[in-house]
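*Asks:* Fold the following.
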Amino acid sequence: MKKKFWEYILENFTIDNNGRKIIHNIIDWVWMQSMDKEDSVNTLDFLLDGIGIKKEEIEQFIDWN
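*Replies:* Numbering: from 1, shown residues only. Model (predicted):
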């Protein structure tokens, strides 16, 4: 799901090359953490707030139990 999330961001948001690197690193970092779904969604929502992504959009890509 990480790859699909990354592709979704690239297709739906305008981000320059530096921003792409930062966002990709944020996504990698969150996926490596041992957080539950709610914490993962809240972390991504906070860290990616600047690109205009909504919490509901993030939730569809976070699928851990």
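*Asks:* which intervals of this structure have sub-threshold pLDDT?
*Replies:* Scanning the chain with the threshold set as pLDDT under 70 gives 64-65.
*Asks:* Can you tell me what sits against stretch 9-24?
*Replies:* Contact with stretch 9-24 is made by 6, 27, 48, 51-53, as judged by C-beta atoms under 8 Å, 6 or more residues apart in numbering. (Each C-beta comes from the backbone N, C-alpha and C, glycine too.)
*Asks:* can we see that at 6 Å?
*Replies:* Stretch 9-24 has contacts (C-beta atoms under 6 Å, 6 or more residues apart in numbering) with I51.
*Asks:* starting at the chain centroid, how far to that stretch?
*Replies:* Centre-to-centre, stretch 9-24 and its host chain are 10 Å apart (C-alpha atoms, centre = their mean, to the nearest Å).
*Asks:* which parts of that stretch are buried?
*Replies:* Buried residues in stretch 9-24, counted by 16 or more other C-beta atoms under 10 Å: 9, 13, 15, 23.
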